[in-house]
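In: Make a model of this:
(chains A and B)
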Amino acid sequence: MKMNSDVKTRLLVTASPHIYSSVTVSKLMWAVVIALLPALGGSIYFFGFKALLIIAISTAAAVLFDTLAQLMFKRKVTVGDGSAVITGLLLAFNLPPNVPLWLPIVGAAFASIVVKQFFGGLGHNFINPALGARAFLVASWPTHMTTTWLAPHNGTLSGLPSQALKLCTDAITTATPLNVLKHGSKLLLPGNEPRLLYQHLQSWETIKNLFFGNIGGCLGETSALLLLIGGIFLIVTRVIDWRIPLSYLLTVAVLVLILPGHKTAVLNYFLFHLFSGGLMLGAFYMATDYVTSPLTHKGRVIFGIGCGVLTSVIRLWGGYPEGVCYSILLMNVATPLIDRLTLPRIFGTRSKK
Amino acid sequence: MDKFRGGIHPREHKEATEFKPIEVAPLPQRVVIPLSQHTGAPSKPVVKPGDAVRTGTMIAEPGGNLSVPTHSSISGTVSEVKELPHPLTSRFVTTVTIESDQQDTLDENIKERDLNNITPDEIITAIRNAGIVGLGGAAFPTFFKLTPPKDKAIDTLIINGCECEPYLTADHRLMVEKPTEIVEGTTYIARALGVKKVLIAIEDNKPDAIAAIKEAVAGTGFVVRRLKTKYPQGAEKQLIKACLGREVPSGGLPADVGCIVQNVGTAFAVREAVRFNRPLYERVVTVTGSGISEPKNLLVRIGTPVKDLIKFCGGYKGTPEKIIMGGPMMGISLASDEVPVLKGTSGILVFLQTQEPEEQDCIRCGRCIEACPMGLSPTRLNYHIKSGRLLQAKNEHLLDCIECGCCAFVCPAKIRLVHNFKYGKSEILRAREK
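Out: As a prediction, the model looks like this:
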């Protein structure tokens, strides 16, 4: 048979399928970047130009170090896929607003080179790069990472109403809401009931500040509302699986309600835990990192529950006021095991019958 | 009713041909008929160059138990009997070339049969002698499916009118235009199997076909089952699951769950074979795709060069980049447009531009696992195969892969999963043979 007498060019011969969905890795990654934009705007609104500077430095450094590492390891440079931008943004979102400007650079280098590229690049890292870097920075420069808070431009660091601040020592100006919950009694002026402070902490005014983000905290974690907007966008566009954030948040909600704590109003206490700290940021943007979370639906529910249990335990009994970062990191490490235990049932291998 | 897990919803692209009546393609000048157009042993030639043949004359006899005869699709003279590369596998197979005399004289054996008191065995023999194979694409000899081992009690026959592959409308048009013939063929298959329960399954994107078949089944007791449009609804195991809630065991056959599936095109061919003793020498083929000037559904003689069909459809719109025999999800891309239409050819798709996106590393998003209708974990299987861990891949049921392509379709990293699975499966099977 003579080949292609009428067909001028050579025909392409490939294995099936011959059509593909329009979803690509870079589309998914850039969707996450878009989802982070409301919170990015919020961080600049609350903490000013310094926030923008840290985010820009962190992102630029993550992109730069990712590229350099790929060049160094003679890998294909895939910086256009947006994953380095996500790492840079999330790292910045996990830093207090008043850190020295070299800190995000060191963090981004650790995230890109050590956590991500040492293990083979996107898809091969076993923990989330931004969280790995955050843990590294907390261990190496604990003072910078836990004391360089800033109050939002028209609010207070703790989010407490002004009458509550009168009950406290000056230390209250350096305490985040979760710090107040953890160390409340130590912040009080002598002669005041701790219960009064917890009541203020769970007042609607504080909850409102937590929801809108008018509180102190890491750059990108303060506004539950802005994080929810982006998170819902990612769920609706099916970029992330709703199972992880939902099981994570529900587990925290249930556990804080049933475990002992400084509850003064049940609904407000529950909202306080959901809206404070890094929970929203962690549940929607970091626990859902494809690479470091389980492959299957069932596995993701287990992962979310595990994150929720660890977060609640650390918050209620641990040495840190917040436990989101370490919970997700620990569950990242458990992911290969969860994967192995939750593989779907193969068609035609029904065990019952 | 039970649904099968996974699956995808690719764009259907059926609008170009779904309302176009089947046209008869002009008689080809020459047909090229490979003697291996079915699963099983190739048939053995009984003609030699210079022999005169008629339309429907047997040119090759069965080459084994799992084999069927092959027939001439035109009248004329045999010009060549020699080894040529098979259009799909590229392996050399005996191929008969016949030059047309343009008379289209029918073989004298093709005549109406006395259908009174026809026995199941006579039906099965007629089906085998007509060279009928599954026309849905797999081309498994039909008589073989109708003679399951004695210990398998068959209670249900499913006629597959799903046509879940995008672009293809051949079965759709056949159901709209020949519903009574399909139902008649179905009665013969049901009688051959001795089953009472007959379902005709059609996806709900073909309401006109559902209506036509519903009208045709009146009084037969057959049930028309309307199924959700979802790929791969027409895959045998998934179809049985969706219709009956039964799962064909891993490594097993539909007969293991008391069920036989036949395609609507096959049912039509059975009607022709049983009623008129007409061998399978023509079939409906959808010719479509962005590279075809006038997409059509054609009644085509087996062995007609693909090029002839494209010419009859107004030719190429530009320079074709890819020609696919079958659907876009499971079809085989052709190296040449001179290859012939086979018994299993449901469509010819021509694309001027194809998506050949670059492969990236897996990001573990899990979409392939969600999409796999067999419950496999494609990303894990792919890692095992790429790392040479074929035994591990086999233990995680690689051989259960039906190559439907859902995983590769949804993969955002565009990893050629099916390509790698075909390789892994062939390596495992080769090791088994040794």
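
In: Angles on the backbone of residue B:58, please.
Out: phi -70, psi 130 (degrees, to the nearest 10).

In: no wait, residue B:92
Out: phi -70, psi 130.

In: where does it land on pLDDT?
Out: pLDDT recorded at residue B:92 is 94.

In: is it true that it touches residue B:82?
Out: No. Counting by Cβ atoms under 8 Å, residue B:82 is not a contact partner of residue B:92; they are 9.2 Å apart. To be clear about C-beta, it is placed using only N, CA and C from the backbone, and glycine gets the same treatment.

In: where exactly do the strands run in the stretch 1-150 of chain A?
Out: Counting by DSSP state E, counting those that start in this stretch, the stretch 1-150 of chain A has no strands to list.

In: low-scoring pLDDT stretches of it, where are they?
Out: The stretch 1-150 of chain A contains residues with pLDDT under 70 at A:1-9.

In: Could you list the buried residues of the helix or strand containing residue B:297?
Out: Using DSSP states H and E, residue B:297 sits in strand B:296-301. Neighbour counts over strand B:296-301 (16 or more other Cβ atoms under 10 Å in any protein chain shown) mark B:296, B:297, B:298, B:300, B:301 as buried.

In: residues in contact with the last one?
Out: With contact set as Cβ atoms under 8 Å, 6 or more residues apart in numbering or on different chains, residue B:301 has these partners: B:25, B:27, B:28, B:31, B:73, B:74, B:281, B:282, B:341.

In: Repeat that for the second one.
Out: Contacts here follow Cβ under 8 Å, 6+ apart; on that basis residue B:297 touches B:17, B:20, B:21, B:22, B:23, B:169, B:170, B:173, B:284, B:285, B:286, B:287.

In: So residue B:38 sits against residue B:280, correct?
Out: No. The criterion here is Cβ under 8 Å, and residue B:38 misses it with residue B:280 at 10.1 Å.

In: what touches both of these two?
Out: B:133, B:343.

In: Regarding residue A:191, what is its secondary structure?
Out: coil (DSSP: H, G, I helix; E, B strand; the rest coil).

In: quick one: residue B:199 is in a strand?
Out: Yes. Assessed with three-state DSSP, residue B:199 lies in a strand.

In: Burial check on it, number of neighbours?
Out: 21 (other Cβ atoms under 10 Å in any protein chain shown).

In: same thing with residue B:429?
Out: 11.

In: got the CA coordinates for the strand or helix carrying it in PDB?
Out: Per DSSP H and E, residue B:429 falls inside helix B:417-433. The C-alpha coordinates for helix B:417-433 follow below in PDB (Å, rounded to 0.1, in the frame of the first residue of the first chain):
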ATOM      1  CA  LEU B 417      -2.400   6.800  30.500                       C
ATOM      2  CA  VAL B 418      -4.100   4.500  28.000                       C
ATOM      3  CA  HIS B 419      -1.000   4.300  25.900                       C
ATOM      4  CA  ASN B 420       1.000   3.200  28.900                       C
ATOM      5  CA  PHE B 421      -1.700   0.800  30.000                       C
ATOM      6  CA  LYS B 422      -1.800  -0.900  26.600                       C
ATOM      7  CA  TYR B 423       1.900  -1.300  26.800                       C
ATOM      8  CA  GLY B 424       1.700  -2.700  30.400                       C
ATOM      9  CA  LYS B 425      -1.100  -5.100  29.500                       C
ATOM     10  CA  SER B 426       0.700  -6.500  26.500                       C
ATOM     11  CA  GLU B 427       3.900  -7.000  28.600                       C
ATOM     12  CA  ILE B 428       2.000  -8.800  31.300                       C
ATOM     13  CA  LEU B 429       0.200 -11.000  28.700                       C
ATOM     14  CA  ARG B 430       3.500 -11.700  26.900                       C
ATOM     15  CA  ALA B 431       5.100 -12.800  30.200                       C
ATOM     16  CA  ARG B 432       2.100 -15.100  30.800                       C
ATOM     17  CA  GLU B 433       2.500 -16.800  27.400                       C
END
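
In: List the buried residues of it.
Out: Under 16+ other Cβ under 10 Å, the buried positions of helix B:417-433 are B:417, B:418, B:419, B:420, B:421, B:424, B:425, B:427, B:428.

In: could you give the mean pLDDT of it?
Out: In the prediction, helix B:417-433 has an average pLDDT of 93.

In: same check, this time on stretch A:245-262
Out: Mean predicted lDDT for stretch A:245-262 stands at 94.

In: rewinding a little: could the buried residues of strand B:296-301 be laid out in CSV, adding pLDDT?
Out: Output for those, formatted as CSV (pLDDT from 0 to 100):
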residue, pLDDT
B:296, 97
B:297, 97
B:298, 97
B:300, 97
B:301, 98
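
In: anything in the helix holding residue B:429 sitting right up against chain A?
Out: Yes. Helix B:417-433 reaches chain A (Cβ under 8 Å from any Cβ of the partner chain) through B:418, B:419, B:422.

In: Run through who's touching that helix.
Out: Against helix B:417-433 from outside (Cβ under 8 Å, 6+ apart): A:14-17, B:368, B:378-379, B:381-382, B:384-386, B:390, B:393-394, B:398-399, B:401, B:403, B:405, B:407-408, B:411.

In: Check the offset of it from the chain's centre.
Out: The chain centroid and the centroid of helix B:417-433 are separated by 22 Å under Cα atoms, centre = their mean, to the nearest Å.

In: Stretch B:391-402 now?
Out: The mean C-alpha position of stretch B:391-402 is separated from the chain mean by 24 Å, Cα atoms, centre = their mean.

In: can you check stretch B:137-153 too?
Out: That offset, for stretch B:137-153, works out to 15 Å (Cα atoms, centre = their mean).

In: so where's chain B shaky on pLDDT?
Out: Along chain B, segments meeting pLDDT under 70 span B:1-2.

In: Residue B:33 falls within a helix, correct?
Out: No. Residue B:33: not assigned to a helix; according to three-state DSSP it is strand.

In: how many neighbours does the residue nearest to it when sequence neighbours are not counted have?
Out: Closest residue to residue B:33 apart from its sequence neighbours, by Cβ to Cβ, 6 or more residues apart in numbering or on different chains: residue B:303 at 4.2 Å. By other Cβ under 10 Å, the residues close to residue B:303 number 27.

In: and residue B:303, what does it touch?
Out: Counted by Cβ under 8 Å, 6+ apart, residue B:303 has contacts B:28, B:31, B:32, B:33, B:73, B:74, B:98, B:340, B:341.
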